[in-house]
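**Q** Okay, predicted coordinates and the sequence, questions at the end:
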Amino acid sequence: MRTPQTAPSRMHLAFAVLGLAFLGIFSWVFMQEFFAEWRTTQAQFRAIEGQVKDPHALSLAPPADGIRQIWLRDIDRVDRCTTCHLGVDDDAFVKAPQPFTTHSGTWLKTHPPDRFGCTVCHGGQGEATDYRDAAHQPIPHWSDPIRPRELIEANCGTCHREREPKEAFLLAAGRARIAEAGCIACHDLPGFSLDEVQAPRLESVGYKVRPDWLRKWLADPKAYLPQARMPNFRLEPDEIQDLTAFLLSQRQTTPLDASGVDWSKADADHGRAVFGEARCVSCHMIDGRGGTLGPELTTVGSKVRRDWLYSFLEDPMHDQPDTRMLRYRLADNDIRDLVAYLTEDLVDPDAATTPPAVGFLDPKQVEAGKQTFIKHGCFSCHRFGNLASTAKIGPSLMAIGDRTVEPSDFRGESADPTLENYLYLKLREPDKLAEDSRMPTFNFTEQEAATVVVALLSTRKADLPASRVTDAPAPKPYRPQGAFGALVSRYRCLSCHQVNGWGGTLSTVPLDRIGSQLQYAHIVAYLQQPYAIRVSVEARMPHFGMTADEARTIADYFSSVFVDDALEKPFAPAPDAARRGAALYTKLGCRGCHIIGQTGGYVGPDLSDTGHRLKPGWIQAWLAAPEKWKPGTLQPDYGLKPEEVQDLTAYLMTLSRTAAGRTP
Amino acid sequence: MTRCLRLPLRVALGLAVAVALGGCGRGRPAKRSEPLMDVFRKQAQEEGLTRAQTEGKRLFGQYCVTCHGDAGGGDGQNAYNLDPKPPVFQTSLTTHPRTYWRQIIEGGTASVGRSPLCPPWGHNLTASQIDELVAYLDALARPAPPTQPSAPAPKS
């Protein structure tokens, strides 16, 4: 039975308990703050600071007592990492233990902390002031933990959007791999262009390939050719049959007429000689030797039909308007012999010798093949008339680096369910994470896949202010017109050379100022009869069979348009400059890399004919600052004085083939 | 009395269970594989190089192998054009201090009174690039790769 007197005492008790509870909570909060991790850390730092610094430096250093933070106003970010990482910008702490160690390398010079903070590059939770909450290790509900050093380049790429950011080699390799694999054909991805996807047009492929080759290729391109760029679509056998029928039914452009060719007179041995003289090997590989710009040719004779090949060599642009292959000026008989060499000598011994004639195909199967073609998105890479893609077949990867993944996405794979692991597994074996995935298998090696993951992780939401982003503007297409333009198109100069950053990279010589580098007469002679200037480089300019008129048209254009006035200064060396230059040539050891006549190394260009080849203004500019003209060049910058540059140039200008004892 | 105790007991039990469950949810799931990081670990283990040495190796590949050879054996493709021949790093590097290597990379062999055939790279390369090259030379001069490269810190 309750008495009225007990009620107030109970109230008192309740208040007392509550009061104690609040006192407890209050002191707990107070103690938390007082014994915070960062305070202990700062106390440790002060002890170390006393050891590594002399009293004077110590008196100048800002006291380490309190939270430090960097506020990046423009991206609304606060980093308190320097509350504990107190020695990052001070060289005195190189040998101090973490978290006090000096930042490695010269990164803080290029990325001053007051502008970049810490988490922009490293990730993690910048506002936290203890180890765990800063996400040094992954923590739940924080999607952006500190990146392990191996993956940190992914964060470089968020701001550095150019294809090859300096000093971020994994990222650059990953982006190069993405471009090469043609990911952009199926996925939206910033920084890449559909122009980079090089796959042959297929509207007339029915005239081109042999059915048994096509079936083999479709089953697994990399089994036919390990370096094939086409990935494996994991097609079912009936899909391969249907697709073969569909492709063989594509006969839009009839090949040029080869019916008049007398094949009985063809001379494969002469064809082999033509192949060598024309320098086809600069772009085409046979038995592991040669370039990779064009298709590999070891068994091309079992791949293509003879009449198609004849037509293709007569005019490659006839059915492949975008091909990188040039149109040689060869006699019909030379082309006939070349075709004979390619189709008779370069064959797969297991393949049938004669293909079935181009003939009737079952319309039902052709239609089924068309559906297969559409289903797998073949038109994404192979631009195909009215089947051109309207939308990309794969999901957009525009902000793939911000994507979250769930454990269920891993379908029983035991991997740690992070985005980077997901991307890695997906790239290696697309069908493992989704059975019905239409993404083909690229056969990336472990390292290749890892670099691609780094590049993909760098692709974040595009919400950075422009002042934080560095990017190399995409080169503008260069399409010259008129007589010069026709020659550039015919001889496909831009498959290897660049103008204003547009074009291929096989040649290391951009054409932008070529008219100020080379003498007119040399250009005219070289275009008609190219020779090896760098003996050790296998890729050489093809022997086009260019006429003298054509060579002069190109040289005229080069000498009047592709010039740099700064290089066109008159050159009047002192009388004994050449003699001093010759002594300098010996003293600097230039012969280690350059040949004159018969002696010297062959890392750099042969200098025997320099006096007839190069312009003195260019030689001087090059010797004074080679890195300026060609970053990463093997030409050492000797730090020459202007008069030394002039002496050396004067000497080089005296060199000529005739003087070196060769035929001019 | 028993009734009175039961309610707080229930609450306390419920709380304990909730805390325990919450704890489980917070902790990372049992050790799972990290296929991506494993690639880097494997590579680091095979090469046994630090990051600076890896960069140095890349620079070595770009600037040096033509004469010095892929592994610094003095057998690059241009070596036979040279007299004197490039040295075999595995033995020659052990006889000089690092400052001497640095001097050669920066100022060429001529700067230490030898032939001019190894040119100066001090204007082409930055100071940190030269540091990286020197670090890689350290790896080349090492008699054999370490049998126990430092294992990566295990994730908690």
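**A** All right, it came through fine.

**Q** Point out where chain B drops to low pLDDT.
**A** B:1-31, B:143-156 (pLDDT under 70).

**Q** the strands in chain B, which residues?
**A** With DSSP state E, there are no strands along chain B.

**Q** Tell me the residues of it that contact chain A?
**A** B:25-26, B:28, B:32-37, B:39-40, B:42-43, B:51, B:55, B:58, B:62-63, B:66-67, B:77-78, B:81-82, B:108, B:110, B:115-124, B:128, B:155-156 (Cβ under 8 Å from any Cβ of the partner chain). All C-beta atoms are positioned from the backbone trio N, CA, C, and that covers glycine.

**Q** Just the buried ones from these?
**A** Neighbour counting with 16 or more other Cβ atoms under 10 Å in any protein chain shown marks B:32, B:34-37, B:39-40, B:55, B:63, B:66-67, B:78, B:81-82, B:108, B:110, B:116-122, B:124 as buried within the residues of chain B next to chain A.

**Q** Name the helix or strand for A:M546, please.
**A** In the assignment (DSSP states H and E), A:M546 maps to no helix and no strand.

**Q** isn't it right next to A:Y491, touching?
**A** Yes. At 7.1 Å, A:M546 and A:Y491 qualify as touching, with contact defined as Cβ atoms under 8 Å.

**Q** Show me the residue sitting in the middle of chain B in space.
**A** For chain B, B:T50 is the residue whose C-alpha lies nearest the centre (Cα atoms, centre = their mean; 1.7 Å).

**Q** How many neighbouring residues does the residue lying closest to it once chain neighbours are set aside have?
**A** Distance criterion Cβ to Cβ, 6 or more residues apart in numbering or on different chains; nearest residue to B:T50, sequence neighbours excluded, is B:A135 at 6.7 Å. A count of nearby residues for B:A135, using other Cβ atoms under 10 Å in any protein chain shown, gives 19.

**Q** And A:L506, by the same measure?
**A** Count around A:L506 with other Cβ under 10 Å applied: 17.

**Q** Could you measure from it over to A:F442?
**A** 24 Å (Cβ to Cβ, to the nearest Å).

**Q** Then A:K569?
**A** A:K569 is 52 Å from A:F442, by Cβ to Cβ.

**Q** higher neighbour count, these two?
**A** A:F442 (23 against 12).

**Q** What's the local residue count around the residue lying closest to that one once chain neighbours are set aside?
**A** In this structure, A:F442 finds its nearest non-sequential neighbour in A:P231, 4.6 Å apart by Cβ to Cβ, 6+ apart. A:P231 has 19 neighbouring residues, counting by other Cβ under 10 Å.

**Q** the bottom helix or strand of chain A by mean pLDDT?
**A** helix A:55-60 (a mean of 84; mean pLDDT, DSSP states H and E).

**Q** Remind me what that one packs against, helices and strands.
**A** Helices and strands touching helix A:55-60, as assessed by 3 or more Cβ pairs under 8 Å, 6 or more residues apart in numbering or on different chains; DSSP states H and E, are absent.

**Q** go again using 10 Å as the cut-off
**A** helix A:37-52 (3 or more Cβ pairs under 10 Å, 6 or more residues apart in numbering or on different chains; DSSP states H and E).

**Q** residues in contact with the helix it packs on?
**A** Contact with helix A:37-52 is made by A:33, A:36, A:57-58, A:61, A:63-68, A:80, A:83-87, A:90, A:92-97, A:99-100, A:128-134, as judged by Cβ atoms under 10 Å, 6 or more residues apart in numbering or on different chains.

**Q** Would you map the helices across chain B?
**A** B:2-26, B:35-47, B:51-63, B:65-68, B:89-92, B:98-107, B:127-141 (DSSP state H).

**Q** Quick check, B:L117 in contact with B:G76.
**A** No. Using Cβ atoms under 10 Å, B:L117 makes no contact with B:G76, being 11.9 Å away.

**Q** which residues are common contacts for these two?
**A** With Cβ under 10 Å, 6+ apart as the test, B:L117 and B:G76 both reach A:601, B:67, B:82, B:86.

**Q** for those residues, which one is nearest A:Y520?
**A** A:G601 (29.6 Å; Cβ to Cβ).

**Q** Contact partners for residue 88?
**A** Reading this off chain A. So A:V88 contacts A:81-82, A:99-104, A:107-108, A:113, A:118 (Cβ under 10 Å, 6+ apart).

**Q** ah, I was thinking of chain B
**A** So B:V88 contacts B:68-69, B:71-75 (Cβ under 10 Å, 6+ apart).

**Q** quick one on the thing from earlier: which residues do A:M546 and A:Y491 both contact?
**A** A:328-329, A:527, A:554.

**Q** What number of neighbouring residues does A:I595 come out with?
**A** Quick note: A:I595 (other Cβ under 10 Å) scores 19 neighbours.

**Q** give me the number of residues near the residue lying closest to it once chain neighbours are set aside?
**A** Spatial nearest neighbour of A:I595, excluding adjacent residues (Cβ to Cβ, 6+ apart): A:D606 at 4.8 Å. A:D606 has 21 neighbours, counted by other Cβ under 10 Å.

**Q** my guess is A:D606 contacts A:R613, does it?
**A** Yes. Proximity of A:D606 to A:R613 meets the contact threshold set by Cβ under 10 Å, at 9.4 Å.

**Q** Identify the contacts common to those two.
**A** A:533, A:655, A:657.

**Q** shaky segments in the stretch 251-400 of chain A?
**A** A:388-390.

**Q** one more time with 90
**A** Residues of the stretch 251-400 of chain A meeting the criterion pLDDT under 90: A:252-253, A:257-260, A:319, A:322, A:348-361, A:383-392.

**Q** Run through the residues that contact A:G126.
**A** A:69-72, A:77-81, A:117-120, A:134-135, A:144.

**Q** still on that earlier bit, ranking the helices of chain B by burial, who's on top?
**A** Counting by mean count of other Cβ atoms under 10 Å in any protein chain shown, helix B:65-68 has the highest mean neighbour count of those, with a mean of 21.

**Q** most neighbours, which of the contacts of A:V88?
**A** A:C81 leads the contacts of A:V88 on contacts (other Cβ under 10 Å) with 25 neighbours.

**Q** What does the pLDDT read for that one?
**A** A:C81 is assigned a pLDDT of 94 by the prediction.

**Q** if I look at it, how far off is chain B?
**A** 19 Å (Cβ to the nearest Cβ, to the nearest Å).
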